[in-house]
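In: Predicted model and sequence below, questions to follow.
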Amino acid sequence: MAVNFFYFLVFPGLLFLGVAGAFLSWFDRKVTAMVQFRKGPPVLQPFYDFFKLLLVKETILPKYGSPVIFLLAPVFAVFGATMAGVFILLPLFNITTGFRGDLLVIFYLLTIPSFSYILGSLASGNPLASVGSSREMKLILSYELTFMLVLAAVIMKCGRQFDLYSIIAAQQASSPFAASVSGVLLFIVAIFCIQAKLALVPFDMAEAETEINHGVFIEYSGAAYALIRLAKYIMLLVLPSLVAALLLGGFRLDGIHVLWSLVKVIGIVLLLTLIRNTNPRLRIKQAVNFFLVWMNLLVVIAIVLIALGY
Amino acid sequence: MNEFTGIVSGFSVCCMLQLLIGIPVAAGLLLFLVPEKYLNAKGIAALLVNLAVFCLALRLFFSSGLMSAGDGNAISGCIRISAGAVASDASRYIIFGIDNLSRLIVAAAGFFAFIISLYSLVYNKINKVRNFNSWFLITVGCSFGALLSDNLLLFLTFWGILGITLYMLIPGRNEESSAAAKKTLILIGASDSIMIIGIALLWWLTGSLSMNSISVPTDNTPGALAFLTLLAGSFTKAGAFPFHTWVPDYTKDAPASSSSLLPASLDKLLGIYLLARLTRDMFILSQWLTFLLLLTGVITITGAVMMALIQHNYKKLLGYHAVSQVGYMILGFGLGSPIGIAAGLFHMINHAIYKSGLFLAAGSIEKQTGKEDIDDLGGLSGAMPVTFAATLVFSMSISGVPPFNGFASKWMIYQGIIDFGNGPGFVNQLWIVWLGLAVLGSALTLASFIKLTGGIFLSRRKQEFSGIREVPALMWIPMAVLALLCITFGVLATNLIVPKLFTPVSGDFVFTGFWDSTFVSILVLISILLGIVIYLVSGLKRFRREDSFIGGERIQDQAAYPTPEYYKTISEMDFPAWMYDKAGKKWFDIYDLSRRFVLWLSRQFSLAHDGVLSGYALWVFAGLIILLLVMI
């Protein structure tokens, strides 16, 4: 029992996820700066941001909203991201324990952050936040089916096992799932799904700095916003790790393989960053169409290919 | 039929069954004699009767070792009530049976009847239904009757009375609500008469009317037809596609206590009880019928929730969800595996908990504000904190947010679907379709509850609601109890609730997935505590409160972006637009379709009435000749 608290709070839970996620966020910002011919922030910038918000900045609550939900929503977001992260990283680090969650649980936990942002933004009573949360909800509706189909396809590839331990073990016994035609298709779709889940351009219409001033987060400041930043750092680590576990064969922690494992996650983040720096923001209708028609089509083709044995 | 001999501290089970059905019905009939002006006394009397009945149901539930795992699938004892009061021939038909399934559902029905009658004590004053308490009690007694009868004709009798009480529990205060009541009565009545055909077919096939002893294969036409006709009855009662259309209309106009008693809890329990009996005991499903069940399941889930997405009236929105959730239960029973059955039952109980709670909350909002549209409401979370907290819990449960109960049962259904994929048939090979659409339905449910909770409680507070207060304690206590149950059923799902309540009915199974609900719930609590500590350290007391920032503009009334507008973009897209257009024209409403068909038919017949005497004479002779030919 006590060791499970350690898993949740320290490693691979809250502390580890937060710190590693913050470094990934720095990596993302540095690459962005390089793409735009800027110098970019120092390595510790994400930590400076977080602690400035948490300790220095004043928190302002909405006057005509619901302060309790407004303050609790970021806490739920951090919880959902951390819990999913623990259930994803435990199998990746090959820590066997009775405390585990299967893919269905992970899928539902990963929607908690987005759901909490929506609750929080509605609780602020700000019309711009309302626009943002409407877009966030529609985005969830469009990618949720696609994301589930990707998971289902992986489950199908693995002979209907749906816990990450067996999925990783199956890949390490033979070859990563991505090393097949259907796997490549699934990888492409999965990348776009997590791009949307992370609300990165071209799917950042819920935050859209230039039109609705950060949308769902417009009213957040101080400690509450610090927690939201933390949840975002964590998600930036958790979602690429999930893709690495599902399709790239997971981590191996012996000798040179450690480096490979790192390259997998960083490589996916690099891909996400490059996509977000070379694309304009979509309108919500385009995004819904993109997932409902094109991405679903790709997954269905992948599923048919899997059924045929490719 | 073996006599059940379990004597439980003075009460024989036989006697308990008679009391369970007899007390509420008798009390209901007696209450007709009390004038309406003693409403409080009538309410209290009904509450006491419901409490007594609930205690009896609980006692029956715990009464013997029958609930232990193993012998769960067989009816373990049947009671033939001796023909004291009734004629000796009739006693052949008055046969009650009890097994783990009916025992569980009777206990649940007793609980909901008690909770809702507690709520009705205050709510009765505004619900405008004459003799509400009498009809309420008769409903409860007849539900027990239907759940406990073993003879199909007896079952159908109780089942039929329930259709009438459903009709009596909605006031005909204007044209719209009268139309809704009429529609409900006609659909339910029609389904009952279809069921008679099914029962006749069963009699013809097996020569028996006892649910306990029938087991009919469905790979031949009569068997399949008997199954389908009885299925129509189950679907109409539970409110599944395509017989669902009475539910949203009923909930829109009926008082919250009626909606929460019948369409939300008892009708679901009964409809799914019949479905369970049909799929588990009375029929052996063929591949095509399984396909049909699963297909109706996913169509019900996604279709109804798409309709819920565009509703503005919150009671009608809840009505559509009362339909959509049935799809998950049908999926569970369609799978037919022990985990599927347990998941279907678990979802049925969960649904009854949160949906009756949501209707009670809707009643409270309506009582305090007098508004029926989400657009007219907003920012009530501060004014009605308990109602808000309960609604939030119910909404998260129904949308399947972990660790609430709705998540636990959906998680089991998904597991069942993945296991189902291991089978050889073509229905099994389609498991990804069932899984994908069930998950899509869950996401859409989340979307429409964002609209409901956000629109009513969270958005910007309106000036006109500054005087609104919380409902009286007798109204919020039932909601709070139901919300706590949602949490308890979710937190203890895998280690206590499912093994103790549902495995005895479904048979043993092992979870193929991993979900430690209790420990995760502890972690949720720890996270909330940590969050509070963080806010306290950063100076919660000094937090400033300011009006919203909208890019430096001064905020005006028109500047709102209300939640009902959220999904307009979706309803404008090609396929949804087509669907909503056809739904607006009532293409999916079997009531309207059959009405159109009947009108068309009568027009055809009216063509024969040309008013020419020789024409009529010709008809008469033609009829006579056909009659003679048939007779010869």
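Out: Okay, I see it.

In: tally of neighbours for residue 295?
Out: Just going to use chain A. Residues lying near residue A:295 (other C-beta atoms under 10 Å in any protein chain shown) number 25. All C-beta spots, glycine's among them, are computed from the backbone N, C-alpha and C.

In: wrong one, chain B
Out: 18.

In: pretty sure it is in a strand, no?
Out: No. Counting by DSSP: H, G, I helix; E, B strand; the rest coil, residue B:295 is not part of a strand but helix.

In: What pLDDT is listed against it?
Out: We have a pLDDT of 92 for residue B:295.

In: Quick check: closest non-adjacent residue to residue A:283.
Out: Once flanking residues are discounted, residue A:283 sits nearest to residue A:205: 7.1 Å by C-beta to C-beta, 6 or more residues apart in numbering or on different chains.

In: where's that neighbour relative to residue A:121, distance?
Out: 14 Å (C-beta to C-beta, to the nearest Å).

In: Name the nearest residue to the residue in the stretch 151-300 of chain A that chain B sits nearest to, ignoring sequence neighbours.
Out: Here the residue of the stretch 151-300 of chain A nearest chain B is residue A:223; by C-beta to the nearest C-beta that distance is 3.9 Å. Of all residues not flanking residue A:223 in the chain, residue B:538 sits nearest, at 3.9 Å (C-beta to C-beta, 6+ apart).

In: Contact partners for that neighbour?
Out: A:54-55, A:59, A:222-223 (C-beta atoms under 8 Å, 6 or more residues apart in numbering or on different chains).

In: Which stretches in the chain count as strands?
Out: Just going to use chain A. For chain A, the strands defined by DSSP state E cover A:60-62.

In: The chain in question should be chain B.
Out: Using DSSP E, strands in chain B cover B:7-8, B:11-12, B:77-80, B:95-98, B:216-217, B:283-284, B:544-546.

In: Contacts (any at all) between chain A and the last one?
Out: Yes. On the criterion C-beta under 8 Å from any C-beta of the partner chain, strand B:544-546 is in touch with chain A at B:544-546.

In: Show the average pLDDT along that strand.
Out: 79.

In: Repeat that for the fourth one.
Out: Averaged across strand B:95-98, pLDDT comes to 77.

In: Quick one: distance of that strand to the chain centre.
Out: 24 Å (C-alpha atoms, centre = their mean, to the nearest Å).

In: That strand packs against which elements?
Out: helix B:13-31, strand B:77-80, helix B:132-148 (3 or more C-beta pairs under 8 Å, 6 or more residues apart in numbering or on different chains; DSSP states H and E).

In: where's residue B:401 relative to chain A, distance?
Out: 7 Å (C-beta to the nearest C-beta, to the nearest Å).

In: Which residues are in contact with that residue?
Out: A:108, A:111-112, A:115, B:407, B:446.

In: looking at the helices and strands packed on strand B:95-98, which is buried most?
Out: Here the criterion is mean neighbour count by mean count of other C-beta atoms under 10 Å in any protein chain shown, and of the helices and strands packed on strand B:95-98 the winner is helix B:132-148, at a mean of 27.

In: Might you calculate how far that helix sits from the centre of the chain?
Out: Its chain's C-alpha centre and that of helix B:132-148 lie 16 Å apart, by C-alpha atoms, centre = their mean.

In: before we move on, back to that, check the contacts of residue B:401 and tell me the two furthest apart.
Out: Distances among these were taken as C-beta to C-beta; the most separated pair is A:115 and B:407, at 12.2 Å.

In: and these two? which has more neighbours close in?
Out: residue B:407 (26 against 22).

In: And for the closest residue to that one other than its chain neighbours, the neighbour number?
Out: Distances taken as C-beta to C-beta, 6+ apart place residue B:400 nearest to residue B:407, at 4.6 Å, with adjacent residues excluded. Neighbours of residue B:400 under the rule other C-beta under 10 Å: 24.

In: what's the answer for residue A:63, then?
Out: Count around residue A:63 with other C-beta under 10 Å applied: 15.

In: dump the residue contacts of it.
Out: By C-beta under 8 Å, 6+ apart, the contact set of residue A:63 is B:545-548.

In: that older thread, please enumerate the shared neighbours of residue A:205 and residue A:121.
Out: residue A:215.

In: out of those two, which sits in the busier spot?
Out: Legend: neighbour count by other C-beta under 10 Å for residue A:205 and residue A:121, higher for residue A:121 (31 against 26).

In: isn't the more buried one right up against residue A:219?
Out: Yes. Under the criterion of C-beta atoms under 8 Å, residue A:121 makes contact with residue A:219 at 7.5 Å.

In: Quick check: the residue nearest the centre of chain B vs residue A:120, distance?
Out: In chain B, the C-alpha nearest the mean C-alpha coordinate belongs to residue B:268, at 2.9 Å (C-alpha atoms, centre = their mean). With distances taken as C-beta to C-beta, residue B:268 is found 33 Å from residue A:120.

In: Can you report how many residues neighbour the residue nearest to residue A:219 when sequence neighbours are not counted?
Out: Leaving aside its sequence neighbours, residue A:219 sits nearest to residue A:124 (C-beta to C-beta, 6+ apart; 3.7 Å). Look at residue A:124: counted by other C-beta under 10 Å, it has 31 neighbours.
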